[in-house]
Structures are given as structure tokens and as C-alpha cells.
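[1] Sequence first, predicted model second:
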Amino acid sequence: MKATVGLLLLLLTVYYCAAAPQQLLEMSHGQCCFKFFTRRIPQKKIVSVIKTHSACLEKAFVIGTATGRRICVSQSVTWAQEAFASMANLQNDDE
């Protein structure tokens, strides 16, 4: 019994460690966007871009600005997709 519980805890630990890099790019469950910003945000003002959780009805990016604002933008917006890819590349370069 103890060996089974220990093995289960080990497997859960490995799973969460393997999933950690993705968590940096996706918000936690329950944090979804319902209103969307429709204008373009200049690249120089963007400090972070995170996807909403996959369980959200509307797929969105939450863009963090240098002034501390968090702005929801639809994932279908091309400039937001490019900003997300740029942030993902920066994260990969840091590793």
C-alpha cells in the first residue's frame, strides 16, 4: 500500500514538473476573458502575453503592459499571435 502511494506521488510530481513550462504561458483554470480590447497595443509597451486556460469558452491572450494593466485580446488577432510567439521565443532563449 505504501509503495503504491509513493509511486503515485512520484508520478504526480513528474507530471507537474513536466507541465511547468507550459504554465508560464497559460493562465490557471477559471481565469477567462469576457470582454476584448480591439485596438493594437504597441510592441514596446507589452511585457507579457499569456493564453487563457484551455477550458475558457473564448480563446484569448492576456497582455500585460509596462504600466501594469492586463488586457484581454482575442487569439484570432494576428498582432497578438505574433506578440505571444515573440514572448515564447524569449522564454525559450532564457532557458
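    Nice, I can see it.

[2] what separates the nearest residue to Cys32 once chain neighbours are set aside from Ile50, distance-wise?
    Closest residue to Cys32 apart from its sequence neighbours, by CB to CB, 6 or more residues apart in numbering: Cys56 at 3.6 Å. (Glycine included, C-beta is placed from N, CA and C.) For Cys56, the distance to Ile50 equals 12 Å [CB to CB, to the nearest Å].

[3] and what of Gln75?
    11 Å.

[4] Next, show the common contact partners of these two.
    With contacts taken as CB atoms under 8 Å, 6 or more residues apart in numbering, the residues that reach both Gln75 and Ile50 are Phe61.

[5] ok, those two, which is more surrounded?
    Legend: neighbour count by other CB atoms under 10 Å for Gln75 and Ile50, higher for Ile50 (20 against 15).

[6] Could I get the full set of helices for the protein?
    Secondary structure of the chain (DSSP state H): helices at 2-23, 78-94.

[7] which parts of the last one are buried?
    For helix 78-94, the buried set under the neighbour-count rule, 16 or more other CB atoms under 10 Å, comprises 80, 83-84, 87.

[8] I'd like to know how many residues surround the nearest residue to Ala83 once chain neighbours are set aside.
    Of all residues not flanking Ala83 in the chain, Val49 sits nearest, at 4.9 Å (CB to CB, 6+ apart). Each residue near Val49 was counted by other CB under 10 Å, and the total is 21.

[9] mind checking how far Val49 is from Arg40?
    13 Å.

[10] one step back: got the contact list for the residue nearest to Cys32?
    Applying CB under 8 Å, 6+ apart, we find Cys56 in contact with 31-33.

[11] Among the residues you listed, find me the one that's closest to Thr65.
    Ranked by distance to Thr65 (CB to CB), those are led by Cys33 at 15.3 Å.

[12] Enumerate every residue touching the nearest residue to the closest one once chain neighbours are set aside.
    The shortest distance from Cys33 to any non-neighbouring residue, by CB to CB, 6+ apart, is to Cys72 (3.4 Å). By CB under 8 Å, 6+ apart, the residues touching Cys72 are 33-37, 52, 60-63.
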